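S.K.: Coordinates only, no sequence provided:
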C-alpha cells in the first residue's frame with residue numbers, strides 16, 4: 001500500500017502544466033542571448049604566463065586611495081564575484097568607493113604542471129601586488145582573499161607583511177581539521193601522490209564532481225526540476241544559466257600546487273600548526289599584524305564557520321574582527337541580502353583604517 005493516494009485528474013493537470021512550461025522554454029532559450037563571464041567594466045593591466053591582473057573601472061568620482069587586490073581560488077573562475085548586475089560583490093565594493101583589482105589565474109595547461117605554491121604566492125601574487133604598489137605609488141595595499149584565495153592571502157600577508165595594509169578574508173579555511181569539514185575528511189584519505197603522478201594536472205571536471213557530490217540531491221537533480229518554473233522568464237533563466245556556466249567552468253589544477261595544497265593544508269593542517277613552507281620560508285600566522293576582517297558564512301557546507309573562525313587564535317593582529325553572514329558559501333556573493341550587507345561593511349571597515 002502506498003502511504004498516499006494519487007489523484008489521476010490532478011496528476012494529468014500537473015503533467016499538462018509541466019509540458020506547457022517545457023514548450024514555452026524552447027522559445028525562452030532563444031531569447032536569452034550570450035552568457036557573460038562577469039558584468040563590470042575592467043581592463044587588463046598586467047599579464048604573466050596564464051595570469052591576468054584586472055583593474056575594474058571605478059564607479060565613484062574619487063575612489064579610496066588604497067586599492068584592493070582580490071585573490072580568488074584556483075579551483076573556480078573569479079567571475080562568481082561579479083556574476084550579474086544586481087548580484088555582484090565587485091560592483092558593491094566599487095559602488096562603496098573602493099578601487100578594485102583582481103587576479104584571474106586563467107586556465108593552466110601541461111606547461112604549468114610543475115608550478116607550486118611558491119610560484120603562485122611568492123611569484124604571481126607578489127608581482128601583482130608590486131605592480132599595484134608601483135602604479136599607485138604606495139607602500140602597502142589592501143588584500144581581499146576568497147576561499148582558497150583567502151588561504152593564499154594569509155600566506156602572502158604572513159610572508160610579506162610590509163606590502164599589506166589591511167587583510168580581508170572571505171569564507172577562508174584556516175583550521176582544516178574541524179569535525180564538520182566533510183571536504184577535509186575526503187581529502188585526508190586521498191593518495192594525492194598517486195593522483196598527481198598519474199594524471200599530472202588535475203582535471204577541473206574531477207574536482208567539480210567532488211564538490212557536487214557534497215550535496216548531490218540538490219546540485220545534480222532538484223535544481224533542474226526547479227528550473228522548469230523559470231522557463232517562461234528570460235531574465236531569471238539567464239541568471240540560472242550564468243550560475244550553471246560558472247559551476248562547470250572549472251580550470252585544471254597545476255599538479256604540484258595541488259599536491260602541496262592537499263598535503264600541507266588539508267592533510268597536515270599546517271596553516272595553524274605553522275609547518276607550511278612557501279619557498280624557503282615558513283608561514284607563521286603570528287606575523288599577520290595588520291588589521292584583519294574575517295568574513296564567513298554561517299551555513300557554509302564547504303568551509304564550516306569553525307574552520308574559518310579559528311583564524312582569531314593564530315593571527316598576531318590586535319585589530320581582528322569577524323563579519324558573519326547568515327547564508328551559504330555561494331550565497332555570500334549572489335544573494336540579494338548579501339549585496340546590501342557585505343560589500344558596504346567591507347568598504348567601511350577598510351576606509352576606517354585609512
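M.R.: Yes, it's here. Predicted, not measured: the structure shown is a model, and the values here were computed from it.
S.K.: Setting aside sequence neighbours, what's the nearest residue to residue 128?
M.R.: Among residues not flanking residue 128 along the chain, residue 53 sits closest, at 4.7 Å (CB to CB, 6 or more residues apart in numbering). All C-beta atoms are positioned from the backbone trio N, CA, C, and that covers glycine.
S.K.: in this protein, which helix or strand is least confident?
M.R.: Least confident helix or strand, the chain: helix 216-217 with a mean of 58, by mean pLDDT, DSSP states H and E.
S.K.: Residue 309 and residue 297 touch, don't they?
M.R.: No - Residue 309 sits out of contact with residue 297 when judged by CB atoms under 8 Å, with a separation of 11.3 Å.
S.K.: which of these two has more neighbours?
M.R.: Regarding residue 309 and residue 297, a neighbour count based on other CB atoms under 10 Å identifies residue 297 as having more, with 26 against 16.
S.K.: Verify the stated contact: that one with residue 332.
M.R.: Yes - if you go by CB under 8 Å, residue 297 and residue 332 touch, sitting 4.8 Å apart.
S.K.: list residues touching both of these two?
M.R.: Taking CB atoms under 8 Å, 6 or more residues apart in numbering as the contact definition, residue 297 and residue 332 share the neighbouring residues 171, 325.
S.K.: Run through the strands of the stretch 151-300 of the chain in chain order.
M.R.: If DSSP state E, counting those that start in this stretch is used as the criterion, the strands of the stretch 151-300 of the chain fall at 164-170, 277-278, 281-282, 292-297.
S.K.: Let me know which of those is the nearest to residue 261.
M.R.: When these are compared for distance to residue 261 using CB to CB, the nearest one is strand 277-278, at 11.1 Å.
S.K.: quick one: the closest one to chain centroid distance?
M.R.: Relative to its parent chain, strand 277-278 has a centroid offset of 22 Å by CA atoms, centre = their mean, to the nearest Å.
S.K.: list the helices and strands it packs on?
M.R.: Counting contacts by 3 or more CB pairs under 8 Å, 6 or more residues apart in numbering; DSSP states H and E, strand 277-278 is packed against no other helix or strand.
S.K.: what's it in contact with?
M.R.: 117-118, 121-122, 155, 159, 283.
S.K.: Describe which strands that strand pairs with in its sheet and in which direction.
M.R.: Each strand paired with strand 277-278, and its direction, by DSSP bridges: strand 281-282 (antiparallel).
S.K.: for the chain, what's the longest helix?
M.R.: helix 8-32 (DSSP state H).
S.K.: which residues sit against the next helix or strand after that helix?
M.R.: Counting by DSSP states H and E, the next helix or strand C-terminal to helix 8-32 is strand 42-48. Under the criterion CB under 8 Å, 6+ apart, residues 52-57, 101-102, 124, 127-128, 131, 135 lie in contact with strand 42-48.
S.K.: So what's the residue count around residue 157?
M.R.: Other residues near residue 157 number 26, with proximity taken as other CB under 10 Å.
S.K.: give me the low-pLDDT residue ranges for the stretch 101-250 of the chain?
M.R.: Of all residues in the stretch 101-250 of the chain, those with pLDDT under 70 make up the ranges 211-212, 214-221, 223-225.
S.K.: what ranges do the helices span in it?
M.R.: 117-118, 126-136, 148-159, 182-188, 192-199, 204-213, 216-217, 223-227, 234-248 (DSSP state H, counting those that start in this stretch).
S.K.: right, so those: which one is the most enclosed?
M.R.: Counting by mean count of other CB atoms under 10 Å, helix 148-159 has the highest mean neighbour count of the helices of the stretch 101-250 of the chain, with a mean of 26.
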